[in-house]
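Q: Could you look at this predicted model? Sequence included:
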Amino acid sequence: MAARERGEGWARYGRYDGGPDPLAPPVDLSEALDAIGENVMAGSSPEGAMREFLRRGGRDQPGLDDLARRVNARRRELLKEHSLDGTLQDIKKLLDEAVLAERGQLARDVTMDDDDRTFREMRINNLSPSTAAAVQELSDYDWTSQEARERFEQIKDLLGREQLDARFKGMKQALQNATDADRARVQDMLRDLNELLDKRNRGEDSEADFADFMAKHGDFFPEDPKNLDELVDQLAARSAAAQRMLNSMTSEQRRELMELSAQAFGSPELMDSLQQLDANLQALRPGEDWTGSQRFSGEHGMGLGDGTGMLQDLADLDALSEQLSQSYGGSRLADLDLDALQRQLGPDAVVDARTLRELEQQLRDSGYLKRASDGTLRLSPKAMRRLGKELLKDAAGRLSARSGQRDSRLAGAAGERSGATREWQFGDTEPWDVTRTVSNAVRRTVAEGRDPRAGLRIDMRDVEVTETEARTRSCVALLVDTSYSMALDGRWVPMKRTALALHQLISSRFRGDHLQLIAFARQAQVMDIEELTSLDAIWDKGTNLHHGLLLANRHFRKHPGEQPVLLVVTDGEPTAHLLGDGQAWFSYPPHPLTITSTVRELENARRLGAQATFFRLGDDPGLARFVDQMAARVDGRVVAPELDDLGAAVVGSYLGARTGMYGGGAHLSDWYGGRGFWAG
């Protein structure tokens with residue numbers, strides 16, 4: 001809960017720190033879903049589109065990239081501000097103070113024998129410039145100054161505490177002003193710990209061994225490990241960081257520190273125990289990073305314990321950077337270590353991360369994404385309807401702008417009632433569904449806490465209209481070119497948007513029509529809308545319109561009582577056709593056999609009664625001549641829309657075909673803004 005401080009007549013509340021904020025607004029999925037749909041249309045997989053949104057974030061929500069930027073900035077800050085020679089600097093300072101105090105004492109002591117004074121001054125004045133060597137040279141020196149003796153003892157004490165702090169966090173402070181008995185107890189703990197780890201290495205340890213150890217030495221381990229594995233994990237992580245710190249030092253710093261370490265607590269026994277501990281831990285946890293290093297460039301020196309903690313912080317930051325990248329197999333935002341994130345970046349970063357985790361989970365649970373049989377995420381039918389509705393709305397707006405009036409056919413007007421109803425929209429002329437309208441008004445009145453028996457008022461929000469559909473049913477084949485040139489020239493996205501808009505129109509307004517989506521490149525194949533919208537562009541040489549027309553004619557024959565409508569979207573001449581054995585035959589420039597096979601199948605479509613429209617993309621003169629000639633052979637039409645108008649052009653052509661408006665070329669030409677032209 002929020003921290004509360006009580007006083008006389010006042011109270012102060014702090015930041016909530018008990019998990020997710022219970023007063024935070026719910027996660028808004030609409031922005032994420034719109035962005036994901038847009039990226040899917042651009043050729044991303046739904047999984048990739050979701051991850052892209054989570055990386056980028058929303059208008060008011062920082063994304064993973066922002067968190068990663070803050071992590072990297074924190075890492076650079078640590079490396080730039082600190083150096084690893086803090087212990088050496090502290091020891092040199094203590095040594096200088098000891099030598100200075102001793103020189104002063106020698107100068108003041110008039111009772112000292114002159115030869116003895118001269119000998120002592122000679123030893124003091126000729127110390128090695130190396131701090132480690134100087135400390136070694138003075139290890140057996142009989143100090144005359146009590147202050148100097150204390151400073152030199154502090155060096156030994158500091159070395160011991162720093163070496164312990166590098167393996168056991170907090171030991172430097174805990175052993176400050178420690179007695180000989182305290183140091184002996186530490187040595188006793190190290191001996192028992194190494195014996196326990198030796199048993200684990202031999203596979204001879206038991207739970208009782210761990211329990212006995214913790215009962216005796218548990219106060220050395222404030223993390224309170226529950227078993228030996230937890231204890232080893234904690235110690236190995238710290239020990240590996242200490243080794244990385246040594247690796248990060250210069251060779252001179254490392255040599256000096258190793259030479260000084262023998263003076264820890266005045267005897268080599270401590271370092272022997274610690275080296276044995278490091279060896280045991282490395283054998284038990286070889287997967288820890290024992291060989292890494294970092295390059296520090298700052299001026300703020302750190303001792304061994306602080307430096308080891310810093311290396312652990314850097315390891316935290318590196319792990320967070322990898323988690324935030326989400327670049328490894330099976331990655332999820334649930335992998336984020338929120339405790340490490342709070343330690344490194346603070347509580348605000350944790351709030352952002354929790355929001356992103358909740359957003360990811362809700363996206364997966366919302367029904368807009370579904371897991372396919374191959375394990376990949378795909379847009380669900382619910383998501384496809386949402387996207388299609390927006391694209392159809394855009395196409396309708398473009399059609400209305402071309403004709404200068406609302407195209408009521410998009411609402412399913414001027415035909416028989418389909419049995420379905422929908423919410424009234426401004427401009428609708430369809431008849432009201434009175435029963436559903438009144439029912440809606442009753443439910444709304446009750447929900448507002450009023451009694452409907454006291455009087456019922458119908459709001460425009462309650463009105464539902466009866467959908468209608470044209471009497472003639474159509475059998476529609478939309479052939480879309482999926483050769484690599486479509487993606488290369490920026491036509492991939494408009495092609496998908498067009499297919500989805502037409503699919504939405506037919507599935508929602510003309511449910512009696514039968515639509516088949518056919519993608520053709522080197523070969524053609526029938527695709528459902530989910531498969532087409534998630535299709536990635538691949539290098540596939542060949543435009544096999546012949547195979548696409550074969551599939552379209554098969555679709556027309558399955559629905560003999562319906563009006564065939566053939567819509568072809570392409571940016572290239574046919575360069576492949578299907579052989580008798582089912583294999584595709586490719587040739588560029590287009591071979592006469594390919595052209596002949598394509599024309600023959602197109603004429604079969606004409607004999608089936610298909611009304612054909614070709615949507616030519618690009619300005620290639622060869623394509624223009626071919627499409628013109630093809631359309632002329634089958635009394636078809638050619639439209640050359642801008643890419644932004646492709647969806648409106650295809651939807652308008654379909655509506656014109658199914659309502660018998662093909663004689664109204666001028667009206668349809670208005671829809672295309674004068675950019676199309678008719679052939680045949």
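A: Happy to help now that I have it.

Q: Stretch 582-591 - what's its average pLDDT?
A: Regarding stretch 582-591, the rounded mean pLDDT is 90.

Q: Next, the residues that contact that stretch from outside, please.
A: For stretch 582-591, contacts defined as CB atoms under 8 Å, 6 or more residues apart in numbering pick out 522-523, 541-542, 544, 547, 573-579, 593-594, 626. Bear in mind the C-beta positions are built from the backbone N, C-alpha and C, glycine included.

Q: cool, stretch 208-217 as well?
A: Contacts for stretch 208-217 (CB under 8 Å, 6+ apart): 189, 192, 193, 196, 199, 221, 225, 227, 228, 231.

Q: What's the ChimeraX syntax to select whichever of the contacts of stretch 582-591 are buried?
A: In ChimeraX, selecting the buried portion of these, with burial taken from 16 or more other CB atoms under 10 Å, looks like this:
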select :522,523,542,544,547,573,574,575,576,577,578,594,626
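
Q: which residues sit against the strand or helix carrying residue 121?
A: Applying DSSP states H and E as the criterion places residue 121 in helix 114-125. Outside helix 114-125, the residues that touch it by CB under 8 Å, 6+ apart are 99, 102, 103, 106, 109, 137, 138, 141, 144.

Q: hmm, who's touching the helix or strand following that helix?
A: Counting by DSSP H and E, the next helix or strand C-terminal to helix 114-125 is helix 131-137. Identification of contacts with helix 131-137 by CB under 8 Å, 6+ apart yields 88, 91-92, 95, 123, 127-128, 155, 255-257, 259-260, 262-263.

Q: Now the two most distant members of those.
A: Farthest pair in the contacts of helix 131-137 (CB to CB) is 123 and 257. Separation: 23.9 Å.

Q: what about those two, which has more around it?
A: residue 257 (23 against 13; other CB atoms under 10 Å).

Q: Residue 152 is in contact with residue 98, isn't it?
A: Yes. With contact defined as CB atoms under 8 Å, residue 152 counts as touching residue 98 (4.7 Å).

Q: Please enumerate the shared neighbours of these two.
A: What both residue 152 and residue 98 touch, as defined by CB under 8 Å, 6+ apart, is the set 138, 143.

Q: now the strands for the stretch 51-200 of the chain?
A: 82-83 (DSSP state E, counting those that start in this stretch).

Q: low-scoring pLDDT stretches of it, where are they?
A: The stretch 51-200 of the chain contains no residues with pLDDT under 70.

Q: for this structure, what are the low-confidence residue spans?
A: 1-28, 41-43, 372-377, 400-419, 426-429, 468-472, 658-680.

Q: list the buried ones in stretch 270-289?
A: Here stretch 270-289 shows 270, 271, 273, 274, 276, 277, 278, 280, 281, 284, 285, 288 as buried, counting by 16+ other CB under 10 Å.

Q: Counting neighbours, what do you get for residue 340?
A: Look at residue 340: counted by other CB under 10 Å, it has 19 neighbours.

Q: same check, this time on residue 513
A: Residue 513, neighbours per other CB under 10 Å, totals 22.

Q: got the contact list for it?
A: So residue 513 contacts 473, 474, 475, 476, 506, 562, 658 (CB under 8 Å, 6+ apart).
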